[in-house]
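1. Sequence and predicted model, in that order:
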Amino acid sequence: MALSRGIPWSALGTLALVACNDPATAPLPDQLVVTRAPSTLVGAPGFPLMDTLFVRVLDAAGKPRVGVEVSWVVRDGGGSVLPLSPASDTDGTVAGVWTLGARPGYNELRVSLGEESSHTFTATGEVFRATEVAGNFYIGCGLVGGAIWCWGRGGIEGPPASDYDSASARPWESGSYFNSKGPALYDGAREYTDVAFGEDYRTCALDVSGSVWCGAPPHVELPLTQVVGFPPLRSGSLTGSTRGGTCGLAASDGRAWCWKDGDVAMVPGSPSFTALRMEYDGRLYCGLQRDSTAACWGEEPPGNGSYIPSAVPVTVNGGGRFVDLVVGQYFACGRTSEGELWCWGRSYSTGTQWLEPVLSATGVLLVGATEDRLMVKLQGGQLVRGVGPDFLHPSWDPSPTVEGLGQLPVAGFADHGIGCVLGPENEVYCVREMWDYWTGQNVNGYFPVMPVRQAPPAPAVLR
């Protein structure tokens, strides 16, 4: 008889006691039984396992015991257990949700029935790791072994899938990638080197030959198809946004090419770039030229001292040499090798607009921007988040620390945005809004992305 509870059955460790499908043996009085034996349990530190723990209480004849209480005790790693019922139900089943300890590593939990019978579960606290990551405030995708894994809103404590089908939900929020508690395999058909987003939240990627592949919006589960018209692109150059299209640099000469509104074309007047960035709405695009100066174009003033937008890349005034660029909503910033951050564009806290670069911060090690928000990592490891180019202006109270990251030494921002950050060993942490948008949590908080599982466990069958 299959047991359906709306909670997935877990394959949960080597069974030292009697399993319900083992050969008949003389059962012990009131014993605990685990029905399946997975090789590993892995979850994000400080978060519930993706699988609920299930055990059964049987009597000496192997029949279910009803109303029997069991004990859940965390023996190593910290964490806690939330029993889903006070005692065994009509078929003897007792379930619990195990939240792992906050630190990565070994965790141990024992469930017992007095002194008569017990079982020990072990789990490893781990975080999703990826070689390349693209993430905004809504979805994230990363490369694992060249395959694309994606995740998004809903997450660990989000609403059930049915809530995403309501009239108030956007259509793209109803797909399985937005309801999965851990990354779901999006495409593993070929080896990819880059991952980015395109229009309408399409997932796009660059393969080892330099070809661009894009999928449908995430709620439509279709394989990626090749985008015709691009020349072979340079590995590491693919970038994109949900309203600005997908762009990259030609491997042959570094010129910028973009796919937007169904057309693929070289950016008119494109110089040879070494890096390319774009804004969420596709209103502003910037690139690093070979001499490390910046050039911008689009529907906003490009930083050359003029209010007039430019359809072709124009060099930003000031002659600044940058090692990194970010583009936010109506503004852009360049970071120098000395740690200076120069920004141009519109201020969101004071209404000021700079038509050419102004010094916004010093001692900057990393910088990222998404929509109207800017975040920097300063010397000493401090993370500061604010709005627009003058994010350190007294009129704006920047967050001195960023919640959820603790003492994690942030090593990078995913795709130069602040939706997801990367640890020194490719650990991925994403903003709370992505995981629990419906509660209105501030995007200041970051939480670990669940580790990849090769496949979810099959439902257990009680016989």
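-> Here it is on my side, so go on.

2. ok, now which ones touch residue 148?
-> Residue 148 sits next to 141-142, 185-188, 192, 195, 203, 205, 224 when contact means C-beta atoms under 8 Å, 6 or more residues apart in numbering. C-beta here means a position set from N, CA and C on the backbone, and glycine is covered the same way.

3. Could I have the buried ones of those as ChimeraX selection syntax?
-> Filtering those down to the buried ones (16 or more other C-beta atoms under 10 Å) takes a single ChimeraX command:
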select :141,142,185,186,187,192,195,203,205,224
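
4. In strands, which of the contacts of residue 148 fall?
-> Among the contacts of residue 148, DSSP state E puts 141-142, 185-187, 192, 195, 203, 205 in strands.

5. Remind me what whichever strand or helix holds residue 377 packs against, helices and strands.
-> Using DSSP states H and E, residue 377 falls within strand 373-378. Judged by 3 or more C-beta pairs under 8 Å, 6 or more residues apart in numbering; DSSP states H and E, strand 373-378 is in contact with strand 324-328, strand 364-370, strand 383-387.

6. Give me the residues contacting that strand.
-> For strand 373-378, the surrounding residues in contact (C-beta under 8 Å, 6+ apart) are 326, 328, 331, 333, 341, 343, 361, 363-369, 383-389, 391, 402, 410, 413, 418, 443.

7. and if we set it to 6 Å?
-> 328, 363-368, 383-387, 391, 410, 418 (C-beta atoms under 6 Å, 6 or more residues apart in numbering).

8. I'd like to know which of these are buried.
-> Among the contacts of strand 373-378, those that count as buried by neighbour count (16+ other C-beta under 10 Å) are 328, 364, 366-368, 383-387, 391, 410, 418.

9. hang on, the earlier thing: widest-spaced pair of the contacts of residue 148?
-> Pairwise distances across the contacts of residue 148 (C-beta to C-beta) peak at 15.1 Å, for the pair 142 and 224.

10. Residue 426 contacts residue 129, correct?
-> Yes. In terms of C-beta atoms under 6 Å, residue 426 counts as a neighbour of residue 129; the distance is 4.3 Å.

11. what ranges do the strands span in the stretch 151-300 of the chain?
-> 184-187, 192-197, 203-207, 212-214, 225-226, 239-241, 245-249, 256-260, 263-266, 273-278, 284-289, 294-298 (DSSP state E, counting those that start in this stretch).

12. so which of those strands is the most packed in?
-> Ranked by mean neighbour count, those are led by strand 239-241 with a mean of 29 (mean count of other C-beta atoms under 10 Å).

13. partner strands of that one, parallel or antiparallel?
-> Here strand 239-241 is paired, per DSSP bridges, with strand 245-249 (antiparallel).

14. So what touches the strand it pairs with?
-> Residues outside strand 245-249 that contact it (C-beta under 6 Å, 6+ apart) are 198-199, 204, 233-234, 237-240, 256, 258-260, 273, 276.

15. Closest one of the residues you listed to residue 150?
-> Nearest to residue 150, judged by C-beta to C-beta, of these is residue 204 at 11.7 Å.

16. List the beta-bridge partners for the residue lying closest to that closest one once chain neighbours are set aside.
-> Ranked by C-beta to C-beta, 6 or more residues apart in numbering and with sequence neighbours excluded, the top spatial neighbour of residue 204 is residue 214, at 4.1 Å. Beta-bridge pairing of residue 214 under DSSP bridges involves residue 204, residue 225.

17. on that earlier part again, please render the contacts of residue 148 as TSV that adds distance to residue 57 and pLDDT to the earlier fields.
-> Converted to TSV, those look like this (distance: C-beta to C-beta, whole Å; pLDDT from 0 to 100):
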residue	distance to residue 57	pLDDT
141	43	90
142	41	93
185	36	84
186	41	85
187	44	88
188	41	90
192	48	97
195	47	95
203	46	89
205	49	96
224	48	90
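
18. Distance to residue 377 for the contacts of residue 148 - can I get that in CSV?
-> Below are those laid out as CSV (distance: C-beta to C-beta, whole Å):
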residue, distance to residue 377
141, 23
142, 20
185, 31
186, 29
187, 32
188, 33
192, 27
195, 23
203, 27
205, 27
224, 33
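
19. Looking at the contacts of residue 148, spot the one nearest residue 68.
-> Distance to residue 68 across these (C-beta to C-beta) is lowest for residue 185, with 39.6 Å.

20. Who are the contact partners of that closest one?
-> With C-beta under 6 Å, 6+ apart, residue 185 has these contacts: residue 149.

21. Tell me which residues are up against whichever strand or helix holds residue 82.
-> Assigning secondary structure by DSSP H and E places residue 82 in strand 80-83. Here strand 80-83 makes contact (C-beta under 6 Å, 6+ apart) with 72, 96-99.

22. so which of those residues is the most crowded?
-> The most crowded member of those, judged by other C-beta atoms under 10 Å, is residue 98 (24 neighbours).

23. model confidence over stretch 281-296, on average?
-> For stretch 281-296, mean pLDDT is 95.

24. Return the distance of it from the chain's centre.
-> Offset of stretch 281-296 from its chain centre (C-alpha atoms, centre = their mean, to the nearest Å): 26 Å.

25. now the helices and strands packed on strand 373-378 in TSV, with mean pLDDT and distance to residue 148?
-> What follows is those, written out as TSV (pLDDT from 0 to 100; distance: least, C-beta to C-beta, whole Å):
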stretch	mean pLDDT	distance to residue 148
strand 324-328	95	24
strand 364-370	93	20
strand 383-387	82	28
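
26. Quick one: those strands as JSON lines, columns for distance to residue 448 too.
-> Listed next are the helices and strands packed on strand 373-378 as JSON lines, based on distance: least, C-beta to C-beta, whole Å:
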{"stretch": "strand 324-328", "distance to residue 448": "24"}
{"stretch": "strand 364-370", "distance to residue 448": "18"}
{"stretch": "strand 383-387", "distance to residue 448": "16"}
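
27. for this structure, which spans come out with low pLDDT?
-> Where the chain drops to pLDDT under 70, the residues are 1-29, 35-39, 153-181, 217-221, 349, 393-401, 403-407, 432-444, 453-463.

28. What residues are bridge-paired with the most centrally placed residue in it?
-> Nearest to the geometric centre of the chain sits residue 140, at 4.0 Å (C-alpha atoms, centre = their mean). Bridge pairing for residue 140 (DSSP bridges) gives the partners residue 135, residue 151.

29. now do residue 110
-> Beta-bridge pairing of residue 110 under DSSP bridges involves residue 73, residue 120.

30. Can you tell me how far it is from residue 283?
-> 57 Å (C-beta to C-beta, to the nearest Å).

31. just residue 184 next, same as before
-> Residue 184 is 31 Å from residue 283, by C-beta to C-beta.
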